[in-house]
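Asks: model this:
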Amino acid sequence: MKTLLSIGHGYSAQALARLLLPQGWVVIGTTRSPDRARAFADQGVEPLLLPGPLAPALARASHILTSVSPDAAGDPILRDHASELSTARPDWVGYLSTTAVYGDHHGGWVSEDTPLTPATPRGQARVAAESAWGELGLPLHIFRLAGIYGPGRGPFEKVRDGTARRIIKPGQVFSRIHVDDIARTLAASMNHPQPGAVYNLCDDDPAPPEDVIAHTAELLGLPLPPAIPYDQADLTPMARSFYAESKRVRNDRIKQDLGITLLYPTYRQGLSALLSAESGPSDLSSPDLRPA
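Replies: Model (predicted):
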């Protein structure tokens, strides 16, 4: 029986589970929250509370996905479970990373072959984590995610309630990816494993963040949110770290190697779908603001 152990069963992994469960997969999702564990069970996912041993779940897992972000001391899963992982024998392992590993390219294009020159501590930690996972000798696949959006993570409520802003930083562009396209790409990789592969997960249309907010207002038929120069914007340190980098991310490899045709090749199509489904609040003008 195909069994996925989803370590840090977050937003993207839950989208993957929604694809796999109807196909007869078993999905085991880890969490540190009893409330989340109960929610997982309601979704058909076997909850596994951490801290605690991973070995019993690893023995069952044909596939492993980790969505856990590194902290200041490194990858917490490797810190606590490296010895257990080193003895596992899965068919496929996926690590959800970030395009922050490429650093700042002043709006230029990057691909999976671009040297890793992270400009922020967040990106540097991801490079170290990718390397550490690679040292375990597992059939590792690395997925470098652009800014994630999808159900519950759209900008509509902020535009509706008047709190949205168009942060203007000349030359700034972000790449994005709808969570459903993340799930479909992970599933395609699981069906066609290529250990050692690295994939960028993003759509076809890198764009300035202010364009996304403006298009949202247009879709809603509301006034254009105010424009604020970047150097006058009151941003959190995390949000400001995203604006420290500007790049356009290529996604050719997922199309060529995995046969992916994106459901939402641009944010315009993605936003229209979210609006039709009346998704909840968040902000996709800055990427990766929440765990994958």
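Asks: which residues does the nearest residue in space to G270 that is not next to it in sequence contact?
Replies: With sequence-adjacent residues excluded and distances taken as CB to CB, 6 or more residues apart in numbering, G270 is closest to Y264, at 3.8 Å. C-beta: built from backbone N, CA, C; applies to glycine. Y264 makes contact with H178, D180, D181, D203, G270, A273 under the criterion CB atoms under 8 Å, 6 or more residues apart in numbering.
Asks: Can you tell me which of these is closest to Q43?
Replies: D180 (16.2 Å; CB to CB).
Asks: Helix, strand or coil: sort out the closest one for me.
Replies: Secondary structure assignment for D180 (DSSP: H, G, I helix; E, B strand; the rest coil): helix.
Asks: Now it: closest residue in space that isn't a chain neighbour?
Replies: Spatially, and ignoring its direct neighbours in sequence, D180 is nearest to L263 (5.6 Å; CB to CB, 6+ apart).
Asks: How about I182?
Replies: I182 sits nearest to S12 (CB to CB, 6+ apart), 4.8 Å away.
Asks: Is the one you found inside a helix or a strand, and which specific one?
Replies: Per DSSP states H and E, S12 falls inside helix 11-20.
Asks: what mean pLDDT does that helix have?
Replies: Computed over helix 11-20, the mean pLDDT rounds to 98.
Asks: May I see the buried residues of that helix?
Replies: The neighbour-count check on helix 11-20 (16 or more other CB atoms under 10 Å) flags Y11, S12, A13, Q14, A15, L16, A17, R18, L20 as buried.
Asks: ends of stretch 20-29, how far apart?
Replies: Counting by CA to CA, to the nearest Å, you get 13 Å between the two ends of stretch 20-29.
Asks: ugh, wrong one, stretch 72-79
Replies: Stretch 72-79 has its terminal residues 12 Å apart, counting by CA to CA.
Asks: re the thing from before, looks like the residue nearest to D180 contacts V179 (just checking).
Replies: No - if you go by CB atoms under 8 Å, L263 and V179 don't touch, sitting 10.3 Å apart.
Asks: who has more neighbours, the two?
Replies: V179 (24 against 14; other CB atoms under 10 Å).
Asks: quick one: which two of the contacts of Y264 are the most distant?
Replies: D203 and A273 (12.4 Å).
Asks: Quick check: neighbours shared by those two?
Replies: Taking CB under 8 Å, 6+ apart as the contact rule, D203 and A273 both touch H178, Y264.
Asks: Not counting stretch 117-127 itself, show me its contacts.
Replies: Applying CB under 8 Å, 6+ apart, the contact partners of stretch 117-127 are 69-72, 74, 97-98, 100-104, 116, 241, 244-245.
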